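**Student:** predicted model follows, preceded by the sequence.
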Amino acid sequence: MVLVGCASVTEGGAFEGGGESGPRAGPAPVRTEAGPPPAPRGAAAGLADPAKKDLAMRLVSSAENSSLDWRRQYRYIQDIGDGRGYTGGLVGFCSGTGDMAKVVARYAAARPGSALERYLPALHGVRGSASHAGLGPPFVRAWQQAADTDPAFRAAQDAERDKDYFDPAVRQGKADGLGTLGQFVYFDAYVMHGYGDSMGGDGFRTMRRTARQRAALPADGGDEKAYLNAFLDARAASMRKEPAHRDTSRIDTAQRVFLREGNLTLRTPLVWKVYGDTFRVR
């Protein structure tokens with residue numbers, strides 16, 4: 001399993017108006033799955049359309065977990081050595097950045113007295129560090145057991161993904177005049193980097209600001225492809241600042257491929273590569 005991303009706590013799902021001023025060796029496997037059913041809400045819903053949201057999660061999971069089966073990732077948890085402690089769950093919630101604590105707190109509110117609730121003080125204590133103090137293997141087992149047995153824990157992960165990452169990214173993308181692909185580009189950046197700068201890396205806010213210095217937003221009359229290329233340039237530069245993020249194939253051989261093809265609506269079929277693996281959704 002490959003996991004190089006790590007979600008970072010956002011700053012309240014911050015939102016900005018669109019018109020403001022200013023390799024692995026050996027043969028690579030091919031992963032293929034049937035595409036989602038036709039979108040019932042039409043293209044206007046963008047990434048928030050249920051079918052497109054499912055597709056977005058497959059794309060994220062291909063980069064975060066080397067799998068298209070994103071629903072198997074609720075139980076995922078390990079320290080990937082990126083300085084952010086444990087990384088776990090759907091979008092790589094991290095003990096070091098604080099969003100893992102938010103997931104556990106939400107779950108504790110739904111299931112008082114659960115095995116995970118006792119780790120909340122430790123999760124608050126390790127924020128901003130790679131420490132496992134007060135956590136360790138018992139915490140890992142409790143996380144996996146909750147994911148395997150309790151729908152409320154899976155629901156807590158869904159809710160935090162939407163509140164801090166998916167919903168803010170889609171809102172900002174729509175305000176900036178971006179279509180479904182652009183909204184996904186924003187969502188993937190939120191997942192890996194969070195909204196604000198944290199733990200030595202640039203966040204979404206900084207990437208967007210840099211991109212807007214190079215290309216106008218579509219909402220301001222700019223060309224959508226030119227702006228997205230500028231945003232991806234800014235993100236790739238940010239990723240290269242951190243050893244755990246230096247492989248930019250999730251941009252170079254996935255998102256830029258869709259952009260070069262002019263697939264601004266993320267229509268299927270899609271074919272992309274991440275970290276040497278090829279993925280297809282029909």
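**Tutor:** On my side now, so go ahead. Please read all numbers here as calculations on a predicted model, not as lab measurements. Residues are numbered from 1 along each chain as shown.

**Student:** wait, doesn't residue 208 sit right on residue 230?
**Tutor:** No - Residue 208 lies out of contact with residue 230 (C-beta atoms under 8 Å); the separation is 9.8 Å. Every residue, glycine included, has its C-beta placed from N, CA and C.

**Student:** so what's the residue nearest to residue 143 when sequence neighbours are not counted up against?
**Tutor:** The spatial neighbour of residue 143 that comes closest, neighbours along the chain excluded (C-beta to C-beta, 6 or more residues apart in numbering), is residue 77 at 4.9 Å. For residue 77, the set of contacting residues under the criterion of C-beta atoms under 8 Å, 6 or more residues apart in numbering consists of 86-89, 140, 143-144.

**Student:** in helices, which of the residues you listed fall?
**Tutor:** Assigned to helices by DSSP state H, the following of these qualify: 140, 143-144.

**Student:** tell me which of those is nearest to residue 203?
**Tutor:** residue 143 (25.4 Å; C-beta to C-beta).

**Student:** against residue 113, how distant is the closest one?
**Tutor:** Taking C-beta to C-beta, to the nearest Å as the measure, residue 143 and residue 113 are separated by 16 Å.

**Student:** which of these two has more neighbours?
**Tutor:** The neighbour count for residue 143 versus residue 113, taken as other C-beta atoms under 10 Å, is higher for residue 143 (27 against 7).

**Student:** just checking, the more buried one touches residue 93?
**Tutor:** No - under the criterion of C-beta under 8 Å, residue 143 lies out of contact with residue 93, with a separation of 9.8 Å.

**Student:** poorly predicted segments of the protein, please.
**Tutor:** In the predicted model of the chain, residues 1-44, 198-200, 244 satisfy pLDDT under 70.

**Student:** which residue of it lies farthest from its centroid?
**Tutor:** Checked against the mean C-alpha position of the chain, the extreme residue using C-alpha atoms, centre = their mean is residue 113, at a distance of 29.6 Å.

**Student:** which parts of stretch 265-276 are buried?
**Tutor:** For stretch 265-276, a neighbour-count test (16 or more other C-beta atoms under 10 Å) marks 266-268, 270-276 as buried.

**Student:** secondary structure for those - can I get that in CSV?
**Tutor:** Rendered in CSV, the data for the buried residues of stretch 265-276 read as follows (DSSP: H, G, I helix; E, B strand; the rest coil):
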residue, secondary structure
266, coil
267, coil
268, coil
270, strand
271, strand
272, strand
273, strand
274, strand
275, coil
276, coil
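
**Student:** secondary structure class for residue 78?
**Tutor:** strand.

**Student:** partners of the closest residue in space to it that isn't next to it in sequence in the sheet?
**Tutor:** Using C-beta to C-beta, 6+ apart and skipping the chain neighbours, the partner closest in space to residue 78 is residue 87 (6.5 Å). Beta-bridge partners recorded for residue 87 (DSSP bridges): residue 78, residue 94.

**Student:** neighbours around residue 87, how many?
**Tutor:** Here the number of neighbours of residue 87 (other C-beta under 10 Å) works out to 27.

**Student:** what do you get for the one 5 residues further on?
**Tutor:** Other residues near residue 92 come to 29 when the count uses other C-beta under 10 Å.

**Student:** distance of it relative to residue 280?
**Tutor:** Computed as C-beta to C-beta, the residue 92 to residue 280 distance reads 23 Å.

**Student:** quick one: residue 192 from residue 142, how far?
**Tutor:** As judged by C-beta to C-beta, residue 192 and residue 142 stand 26 Å apart.

**Student:** these two: which is more packed in?
**Tutor:** Set residue 192 next to residue 142 and count neighbours by other C-beta under 10 Å: residue 192 wins out with 28 against 20.

**Student:** coming back round to it: any idea which of the contacts of residue 77 is closest to residue 240?
**Tutor:** residue 87 (19.8 Å).

**Student:** sorry, back to before: could you look up the SS state of the residue farthest from the centre of the chain?
**Tutor:** Secondary structure for residue 113, judged by three-state DSSP, is coil.
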